[in-house]
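In: Any chance you could fold what I've pasted below:
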Amino acid sequence: MKLPSIQYLVEQGIDALKKHPLVIFSACMAVYFAIFLVEHETSLDNAFPYINLLLCGYLGVPLFLSVDIYVKATDRSSNFRNIVSGVAVLLLIGVYYYLPGSEETLNKSIPYIRYTILSIAAHLLVSFAPFLSRGTLNGFWQFNKVLFLRFLLAVLYSHFIYVGLILALFALDELFKVDVQDELYFEIFIFIAGVFNTWFFAAGVPDEYDVLDGDEVYPKGLRTFILYVLIPLLGLYFLILYSYSIKIIALWSWPSGIITYMIIAVAVLGILAMLLAYPYSIRESGSPIRFLKRGYYWVLIPMVVMLYLAIGIRVLDYGVTINRYITIFLAVWLSGISIYMIVGGKDIRVIPISLFSIILLCSFGPWGLFSVSERSQVNRLEKVLTEAGILDGKIKNEPIWDRTDTVVLTFDKPELNEGILSDSLHNEVVSILYYLEDYHGVNAIEDWFDQSPREIANQLGYSEGVVAMRLMGLQDGYKYSEEVYTEFPTYYSYIDNKMLLDVSGFDYVYKFSFSIHSRETHTDTLRVADSTVAVLSFDRKALILRSVKGDSMLAFDLNRVYEGLKAQEERYKDLNNRSVKEEIIVSEENQAFKGRLMIESISANEEGIVYCNGQLLFTLKE
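Out: Numbering: from 1, shown residues only. Prediction:
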């Protein structure tokens, strides 16, 4: 085997740059801002603009590649290419301004979910863009085969280059004591994965589409892989799923929620296998692959019915969420593809084109996943509160926020509606509010209150869900059975909010309130004016104060605090609410920091600490 010369590789790289200049530029842009963020992670007051530029650069790669191959396949003029590329640039600019611009931006989840949907759609577009109005099904298959193999080759080359460079740096560090920064290893990975991998892949994108139409060479190894590896695995997966279906029928029990993800995974794997098997099933009349391709979609139909049943039960019980909406639209798509293939459909381009269309269609509008899921959860919440008599157009017994207390969330006559809801309904309200806060915000229920939950949350730094719960006259947080509550109680410190806080010996005071619902860690950047002082992070074990450079830290062991409170029952005023007679104070000190943690409340579950709020006093020694 003759290895390619350096001159050949350089020529291929230059040719790829000429054919796909905006693709390479987008990759370089994404890599530049990714490395910039690694270098300045702890010193940036607002990293969101740089993150958004990184994401726009990443999205530009499949978007501009789709433009290039479509223009080439349809033999359009350079002016047409410039116009379409300009439209793509405008789309990326719109995406940049749509993404959150700062930590204070509301509803940060939805823009990134919509971005992910757009990114998936852009990658799907690459697969069929040259064959929208020309070419044969064989050319379409050959084109995607080349893309797939080129991608695997690019990943292989990138992997070996990265490992080689890392070993060389490690040798320099160990043998010659060259000071190699830890960040350099990750930055090299970013460069190779972003620039080299993309450039290498772009150099191998085919552009002779007439040649692809007439190419009848099909890898024998691929046929063997499909027949003896992929199809037996599919058979095993379907055997498990059908056995589970028989169990459900025999025991007359509802299907588990995880079955939806398993069915979708197996169905998508099967469709991928059928796409790979397309030329063999067409050209080999007596081939087992042809027989299996015909039977696959018949076998899939009962599983799709099971998918509808499983997701339908959860929608009836808990309403539509973003995840359930995605599951429903995938079920609809699988149904459509199965029926199309069963009735004799042969155009395999329908698979990526239909998925591309339905993804875009479901990402916006009143019928989209965001609007439907928000309406569903708001309707659930409205029904629970209305039937309980807490809501009648407006929240009854809404407590009045004490505006004079600018640190702690304080109300006049709080929790007047407490005890109306059962524990299960109370937890349902909490779950809905947390979901709305994570994905949609509380805009849709603002009219229920005389005071704005968003305004109060923004002023005090509390979560919108907690504020909304308190404005409903209810306790915030989940309620548990007596057994669970006894094992994992919430502890409250006695704090007199009318007394001044003694801060002597400390430079800074920070009011914190951390909770873990959907994330395993939570991080706050501590700033004075426009200057970052330190970074405070919270996980299920500890509260950690870090320096701006990240080279120094001070940890407060919250698990030890919690276990210590459990071991001293005599300190409680009341075993029902675990109100501690004195303050809960933890002091720590090292060469970089001196800190005092004054905990107001702390709670946990079997996985660790889930909530902690209070005040942190600290001094920087360095």
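
In: Domains in this structure, by residue range?
Out: 6-106+133-207, 218-364, 383-479, 488-620 (automatic domain parsing).

In: low pLDDT regions in the stretch 51-200 of the chain?
Out: Residues of the stretch 51-200 of the chain meeting the criterion pLDDT under 70: 103-108, 135.

In: In it, what residue spans correspond to strands?
Out: Using DSSP state E, counting those that start in this stretch, the stretch 51-200 of the chain contains no strands.

In: Could the C-alpha coordinates of stretch 10-20 be exported in PDB?
Out: Taking Å, rounded to 0.1, in the frame of the first residue of the first chain, the C-alpha atoms of stretch 10-20 are listed here in PDB:
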ATOM      1  CA  VAL A  10      -1.400  19.700   1.100                       C
ATOM      2  CA  GLU A  11      -3.100  19.800  -2.300                       C
ATOM      3  CA  GLN A  12      -6.100  18.000  -0.900                       C
ATOM      4  CA  GLY A  13      -6.300  20.400   2.000                       C
ATOM      5  CA  ILE A  14      -6.100  23.400  -0.400                       C
ATOM      6  CA  ASP A  15      -8.700  21.900  -2.600                       C
ATOM      7  CA  ALA A  16     -11.000  21.400   0.300                       C
ATOM      8  CA  LEU A  17     -10.500  25.000   1.400                       C
ATOM      9  CA  LYS A  18     -11.400  26.200  -2.100                       C
ATOM     10  CA  LYS A  19     -14.500  24.000  -2.300                       C
ATOM     11  CA  HIS A  20     -15.800  24.600   1.200                       C
END
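
In: What residues sit buried inside it?
Out: Under the neighbour-count criterion of 16 or more other C-beta atoms under 10 Å, stretch 10-20 has 12-13, 16, 19-20 buried. Heads up, the C-betas are built off the backbone N, CA and C, glycines and all.

In: Now render these as CSV, adding pLDDT.
Out: Formatted as CSV, the buried residues of stretch 10-20 follow (pLDDT from 0 to 100):
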residue, pLDDT
12, 86
13, 88
16, 93
19, 94
20, 95
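
In: In those, find the pair that's most separated.
Out: Taking every pair in the buried residues of stretch 10-20 and measuring C-beta to C-beta, the maximum separation is 12.2 Å, between 12 and 20.

In: shaky segments in the stretch 251-400 of the chain?
Out: For the stretch 251-400 of the chain (pLDDT under 70), the answer is 253-257, 285-286.

In: can you pull out the strands in the chain?
Out: In the chain, the strands defined using DSSP state E lie at 391-392, 394-395, 400-401, 411-412, 491-492, 508-515, 522-528, 531-538, 542-546, 553-557, 584-589, 593-605, 608-620.

In: weakest of those in terms of mean pLDDT?
Out: Across the strands of the chain, strand 491-492 has the smallest mean pLDDT, namely a mean of 70.

In: possible to save the strands of the chain as a markdown table with distance to residue 371?
Out: Formatted as a markdown table, the strands of the chain follow (distance: least, C-beta to C-beta, whole Å):
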| stretch | distance to residue 371 |
| --- | --- |
| strand 391-392 | 22 |
| strand 394-395 | 24 |
| strand 400-401 | 30 |
| strand 411-412 | 32 |
| strand 491-492 | 40 |
| strand 508-515 | 27 |
| strand 522-528 | 28 |
| strand 531-538 | 33 |
| strand 542-546 | 38 |
| strand 553-557 | 42 |
| strand 584-589 | 44 |
| strand 593-605 | 33 |
| strand 608-620 | 31 |
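
In: Check the model's average confidence along stretch 25-36 for me.
Out: The average pLDDT for stretch 25-36 rounds to 97.

In: Return it as PDB; C-alpha atoms alone will do.
Out: Output in PDB follows, covering the C-alpha atoms of stretch 25-36 (Å, rounded to 0.1, in the frame of the first residue of the first chain):
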ATOM      1  CA  PHE A  25     -13.900  29.100   8.500                       C
ATOM      2  CA  SER A  26     -16.900  28.000  10.700                       C
ATOM      3  CA  ALA A  27     -14.800  25.200  12.200                       C
ATOM      4  CA  CYS A  28     -11.900  27.500  12.900                       C
ATOM      5  CA  MET A  29     -14.200  30.000  14.500                       C
ATOM      6  CA  ALA A  30     -15.700  27.400  16.800                       C
ATOM      7  CA  VAL A  31     -12.300  26.100  17.800                       C
ATOM      8  CA  TYR A  32     -11.000  29.600  18.500                       C
ATOM      9  CA  PHE A  33     -13.800  30.500  20.900                       C
ATOM     10  CA  ALA A  34     -13.700  27.000  22.500                       C
ATOM     11  CA  ILE A  35     -10.000  27.500  23.300                       C
ATOM     12  CA  PHE A  36     -10.600  31.100  24.400                       C
END
